[in-house]
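**Q** 3D model of this:
(2 chains)
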Amino acid sequence: MSGNLQKVCLKILKEYFGDIVAKVGDTLFQKGSNPLRILCSTTKLPLSKVKEALAVLIKHNLVTWDEWKPGIPCYTLLHDRVLLILRYPRYVYHVREKFGEQSEMIIDVISKEGQATASHVIVTSSLKMYDANTDGMNKGSFEQQHITARNHLLNLIENEYIQRCPAPQDSNKPVPKLTVKAEDLYSLTPEMLDLKALQQEIQLRRAGEGKPEVSHPYSDIFWRINYDRFHIDFRDSEIRNSIVRRVDPLAGECLGALLKVSYGRSDPWVSVMNPVTVSEIRDHLKDLKYLEQYLKIIEEQSGGCVQKVGDAGGGQYRINMFNAFQSLTHALIDNIVQDRFGSKAARIFRLVRQHRMMEQDQIGEMSMIDKKEANILTYRLLHDNFLRIHELRKTLAPSPANKSIFLFHVDMTSVVRMILEWSYKALYNLMVQRETRANDNRRLLEKHIRVATIVENLNQSGGTEDQIQEVLDMMTPNEKEHLEQVNKIQDKLHVSEIALDDTIFILQMFTYYQTL
Amino acid sequence: MAARGRGGRGRGRGMTLEQLGVQRGEVLPDNIVGPPETYPLLEFKPSQLPQKENMEYILCIKKDFQEHMQNSQYNIQPEVKNMDIERYSDRYQLLTSHRGQLSLTWSRFPKELHPMMASLPKKRKLKPAKVVVNVKKARTKDINVNETLEELEKKEATAGVDETEEDEGGERENKAEEEVEEDLEEVDEELDEGTDYINNYFDNGESYLDEEDDALEEGGVF
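**A** Numbers count the residues shown, from 1 in each chain, chains lettered A, B, ... in the order given. Model prediction:
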């Protein structure tokens, strides 16, 4: 909760849902939970618009409500979820990597809708699949498309990437209370889908009818993305990649197997998992020759992520997520210091962090940097809040001879919090930059879109080459060049946002394990 | 620094220059006065963005997602205001920006968000409306007077006809009058039993300057 975070949330909401939703969301962020009437008077928007905005936010799982007074709900913004909107492309890509294109379409549909019924997901994703490969797919396989889509959906639900939304117990109440049973959370039984109706709707929609009236059973059960499941995967791949970077890809495989066995016997979100024996890992990696040796190396190299706890069953290992993210964050912050202050400063920062408390002279000696330069760098780090000072006195008696000692140290939690703030700020700056650039070149971009649509129309209606060329020539070479440059910068800003989100993810994980 | 903050008398002055690593007689950098620059020059060039092969695809998804959301029904548009003049270009803008109602399963939302709900309790709406009517009446009194006069004239004309018929229905009317009197008595009993709380002595001023009361009317009806 900070000014930077609030600005980013406002910007994200504005970019995806427009000004009105952004204003409502921002008021909820700043004022906390509020009922509808107060929101209306604070935002000075018409009641109908505030209602719509709240409904949109609820549909996208960004707002929840509680009963404030009998019959009157009060709405709360989940600001963490707002930030997650930026991570949606990663979710979609992750599923594509893991389960293929059809699953990707399913996640894509759900992420665009927030909450969606199973039938809607299957129909829309099937149609998208059809649009994507119009030529590559023969007609016969498309007839079975809805079954393929259903299987992919079932698979995603079974693997807990998608979960059932809580449903109202009694929808007649003015403030419905949403609940879902734990056993229903990941269960979509085949009888909940009417395959014939699905096929019918797909065919009708393909034939060009806008909204055919096909009724589907269980149309009151909605599904949404299970963020936590994705975050477990991201977290694991972060750890695996770090091991792959340090040792080799096979070590990554070992760690993957170790994680898999560990999840079988402990909650994925605890900081220290239950121990696993080597023989169990062996079951997953039958071909690997040097499993024991690899595990030993991983134990040494992983910075406390994998720990050996005993020798029973050929050796017992356990995973310590707390340590894993601590070392990842340390590496991250070391890099940030290096990029901001240079490698010498990074060396001082690392030294102080490893020795916990250090005196001024010690730093100069141990960092092997010229004393004066070391001092200046230390003070710069101190000035920018990477280092802290701890003052020690031998006695409280005042005397000039009694010199007090000043110890430098690193307060990791506060440094992480500071860098998170910077990241939010950088994110905001990137988005502002992107918006201003788009506004500055609005005329050019609009012209480009117009030309593109005309060319497309000509292509469809069978225009000649000359006609198309003539339309294309409406953009002067100068404009084309300029447009290319603008697009390139926009893309770069987009990519920076995605990359920054990676950083935010690691820092958030670190704070999560710290507070556990 | 720190010691001064605590304000202990004679405690020494925290860090001395020697402790900070500055030798005696050394040239110190100038004091900094004024705020730092808004855009200071970067000391080091920022490192390149990580080159990942998947970034391009993620970028495509991101752009597509953003575009989709901006054009979807969830991107709520402000109400279109009535322009001062009608412009030719408005027709096309309306076509693109018109999206209409959200199509959602409303049973999953709190009742007050449902689009068909009456928004305000009716009492509040009625009161101001009444006042407005009264003011109007008071203002348009002259017209009303003429109308009532015409009505009265008509009544007089019809009353003459009635009188001729009255003799025939005389007996029936007497009976009816008796019944009315009985009714009135019953009502009186009900009132006498309790207190007079039911009676409304409060005059909200609505009848003030009503049609029957011409007291303040100058140049009244003659």
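
**Q** Give me every residue in the stretch 251-400 of chain A lying close to chain B.
**A** Counting by C-beta under 8 Å from any C-beta of the partner chain, the stretch 251-400 of chain A comes close to chain B at A:339-342, A:360, A:364, A:371-372, A:375, A:379, A:389, A:391, A:398-400. For the C-beta atoms, the positions are set from N, CA and C on the backbone; glycine is no exception.

**Q** residue boundaries of the helices in the stretch 201-350 of chain A?
**A** For the stretch 201-350 of chain A, the helices defined by DSSP state H, counting those that start in this stretch cover A:227-246, A:249-265, A:278-284, A:291-301, A:321-341, A:343-355.

**Q** re earlier: farthest pair in the residues of the stretch 251-400 of chain A next to chain B?
**A** When those are compared pair by pair using C-beta to C-beta, the farthest-apart members prove to be A:Asp339 and A:Ser399, with a separation of 44.9 Å.

**Q** Phi, psi for the closest residue to A:Ile232 other than its chain neighbours please.
**A** Counting by C-beta to C-beta, 6 or more residues apart in numbering or on different chains, A:Ile232 lies nearest to A:Pro268, which is 5.1 Å off, once chain neighbours are set aside. Main-chain dihedrals, A:Pro268, degrees, to the nearest 10: phi -70, psi -20.

**Q** tell me the pLDDT at A:Pro268?
**A** Reading off the per-residue confidence, A:Pro268 sits at a pLDDT of 91.

**Q** go on, A:Arg347?
**A** Each residue has a pLDDT score; the one for A:Arg347 is 95.

**Q** Next one: it from A:Asp370, what distance?
**A** When distances are taken as C-beta to C-beta, to the nearest Å, A:Arg347 and A:Asp370 turn out to be 12 Å apart.

**Q** ditto for A:Leu178
**A** Distance of A:Leu178 to A:Asp370, given as C-beta to C-beta: 64 Å.

**Q** do the same with A:Leu507
**A** Noted for A:Leu507: a distance of 33 Å to A:Asp370, by C-beta to C-beta.

**Q** do the same with A:Ile489
**A** Distance of A:Ile489 to A:Asp370, computed by C-beta to C-beta: 41 Å.

**Q** who has more neighbours, these two?
**A** Per other C-beta atoms under 10 Å in any protein chain shown, whichever of A:Ile489 and A:Asp370 has more neighbours is A:Ile489, with 14 against 11.

**Q** got a list of what the nearest residue to the more buried one once chain neighbours are set aside touches?
**A** Excluding its sequence neighbours, the residue lying closest to A:Ile489 (C-beta to C-beta, 6+ apart) is A:Arg437, at 6.3 Å. Contacts for A:Arg437 were tallied using C-beta atoms under 8 Å, 6 or more residues apart in numbering or on different chains; they are A:Val486, A:Ile489, A:Gln490, A:Leu493.

**Q** between the residues you listed, which is nearest chain B?
**A** Top of the list for closeness to chain B, among these and by C-beta to the nearest C-beta, is A:Gln490 at 8.8 Å.

**Q** Am I right that the closest one is in a strand?
**A** No: remark: A:Gln490 does not belong to a strand; assigned using DSSP: H, G, I helix; E, B strand; the rest coil, it is helix.

**Q** can you tell me which residues contact it?
**A** The contact partners of A:Gln490, taken as C-beta under 8 Å, 6+ apart, are A:Arg434, A:Arg437, A:Ala438.

**Q** Mind putting those into CSV with secondary structure and pLDDT?
**A** Shown next, in CSV, are the contacts of A:Gln490 (DSSP: H, G, I helix; E, B strand; the rest coil; pLDDT from 0 to 100):
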residue, secondary structure, pLDDT
A:Arg434, helix, 95
A:Arg437, helix, 95
A:Ala438, helix, 94
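
**Q** any low-confidence regions in chain B?
**A** Across chain B, the stretches falling below the confidence threshold (pLDDT under 70) are B:1-26, B:80-85, B:87, B:89-101, B:116-144, B:159-222.

**Q** who touches the closest residue in space to B:Ile61 that isn't next to it in sequence in this structure?
**A** Once flanking residues are discounted, B:Ile61 sits nearest to A:Pro89: 4.0 Å by C-beta to C-beta, 6+ apart. Listed by C-beta under 8 Å, 6+ apart, the contact partners of A:Pro89 are A:Ile498, B:Ile58, B:Leu59, B:Ile61, B:Lys62, B:Phe65.

**Q** separation between the nearest residue to A:Asp194 once chain neighbours are set aside and A:Glu191?
**A** Taking C-beta to C-beta, 6+ apart as the measure, A:Asp194 lies nearest to A:Pro217, with 5.3 Å between them; neighbours along the chain are not counted. Applying C-beta to C-beta, the value for A:Pro217 to A:Glu191 is 8 Å.

**Q** Right, I'll call it a day here.
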